[in-house]
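J.: everything below, folded, please.
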Amino acid sequence: MVGSNSLPIELRLFLYPKGIENTNKNVHISLYLGIAETEELPLGWEVNAAFRLFVFDQIRDEYLTVQDGRGGGAIKRFNDMNSEWGFAKFLPLDTFNDVTQGYLVNNCCVFGVEVFVHERTVKRQCLSMIEKPANSTLTWKIERFSTLNEEYYYSQEFTVGDSKWKLKVYPKGNSSGKNTAISFCLYSCNCLRSEQDVFAEYTLRIRDQFRGKHKEKRAKHWFSTKEEGWGFPEFMPLKDINDAAKGFLLFDTLLVEAEIIVMSKVR
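T.: Residues are numbered from 1 along each chain as shown. Modelled structure (predicted):
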């Protein structure tokens, strides 16, 4: 049970063990978050929430988490027209049924959800999106890369429009990339200083200093006080960075970049 604007709301998970769509049946598990007993709610009810669905790996004692990739957990509007949001292709059935994956043990499985309800307020703001803002690229020169022994490092702040940003790099990887890949994130400094969320579409890049065949990954995210950084735990394998023939590490120096493509602005 959650509350939105003093309105008690009951949330439920809706599990479709053999899929919900005709093209998806018997191939994937479908999992949705929905509002229960909507007939009891007043006319015009609405709940705005971001959420993450997960299934528990009972062998490794960890969760497989799935969220909307368009902005990394975008806010969804639940109402009479659409009281359910989720994923038709949450998990392949063959993966779920594979005992070595740990999701189905002794014919028992655990699904769950983490929900963040966003309250509507009377304060109104004008939100606009700026495409290709000026001075939108930061290049960070990381010297003596092979000698770095801290878990992570931050770049200096850089300003794009009215927003300040910085980069965060884990030289030996983080999370799923630990000891196998470099982890690379973009951080919003604005979210650390205010409660205003910031949206950005951006490219993270490690430069190929020989041939110009840079390693790039693109992302979209709403940065907030709860999630001020977003990036890739497995941005690039460490073996590729350390391969001298590939040109990413030159004279023990790595060049990493962030390029802001689209950014929100509040007026």
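J.: contacts only, for residue 74.
T.: Residues counted as contacts of residue 74 (C-beta atoms under 8 Å, 6 or more residues apart in numbering) are 50, 68, 222. Yep, even glycine has a C-beta here, placed from its N, CA and C like the rest.
J.: which one in those is the model shakiest on?
T.: Note: of the contacts of residue 74, the lowest pLDDT belongs to residue 68, at 75.
J.: burial of that one, as a residue count?
T.: Other residues within reach of residue 68 by the criterion other C-beta atoms under 10 Å amount to 18.
J.: so what's it up against?
T.: 74, 76.
J.: and if we set it to 6 Å?
T.: By C-beta atoms under 6 Å, 6 or more residues apart in numbering, the residues touching residue 68 are residue 74.
J.: next one: residue 89 from residue 133, what distance?
T.: To residue 133, residue 89 is 35 Å away according to C-beta to C-beta, to the nearest Å.
J.: do the same with residue 204
T.: Separation of residue 204 from residue 133 (C-beta to C-beta): 17 Å.
J.: more neighbours, these two?
T.: When residue 204 is set against residue 133 and neighbours are counted by other C-beta under 10 Å, the residue ahead is residue 204, at 23 against 16.
J.: neighbours around residue 20, how many?
T.: Considering only other C-beta under 10 Å, residue 20 is surrounded by 20 other residues.
J.: wait, I meant residue 166
T.: Using other C-beta under 10 Å, the number of residues around residue 166 comes to 19.
J.: repeat for the one 10 residues further on
T.: For residue 176, the count of nearby residues is 11 (other C-beta under 10 Å).
J.: would you list the phi and psi of it?
T.: Comment: the main-chain dihedrals of residue 176 come out as phi -70, psi -10, following degrees, to the nearest 10.
J.: regarding the residue lying closest to it once chain neighbours are set aside, what is its secondary structure?
T.: Spatial nearest neighbour of residue 176, excluding adjacent residues (C-beta to C-beta, 6 or more residues apart in numbering): residue 233 at 4.9 Å. When states are read from DSSP: H, G, I helix; E, B strand; the rest coil, the local structure at residue 233 comes out as strand.
J.: give me the mean pLDDT for the longest strand along the chain.
T.: If each strand of the chain is counted by residues according to DSSP state E, the longest one is strand 253-266. Per-residue pLDDT values over strand 253-266 give a mean of 90.
J.: ok, stretch 32-40 next?
T.: According to the model, stretch 32-40 has a mean pLDDT of 88.
J.: got it, and stretch 52-63?
T.: For stretch 52-63, the mean pLDDT works out to 93.
J.: next one: stretch 95-112
T.: Mean pLDDT, taken over the full extent of stretch 95-112, equals 94.
J.: going forward, count from 385.
T.: Taking 385 as the first residue, the last one we looked at is stretch 479-496.
J.: any buried residues in that stretch, and which?
T.: Neighbour counts over stretch 479-496 (16 or more other C-beta atoms under 10 Å) mark 480, 485, 486, 487, 488, 493 as buried.
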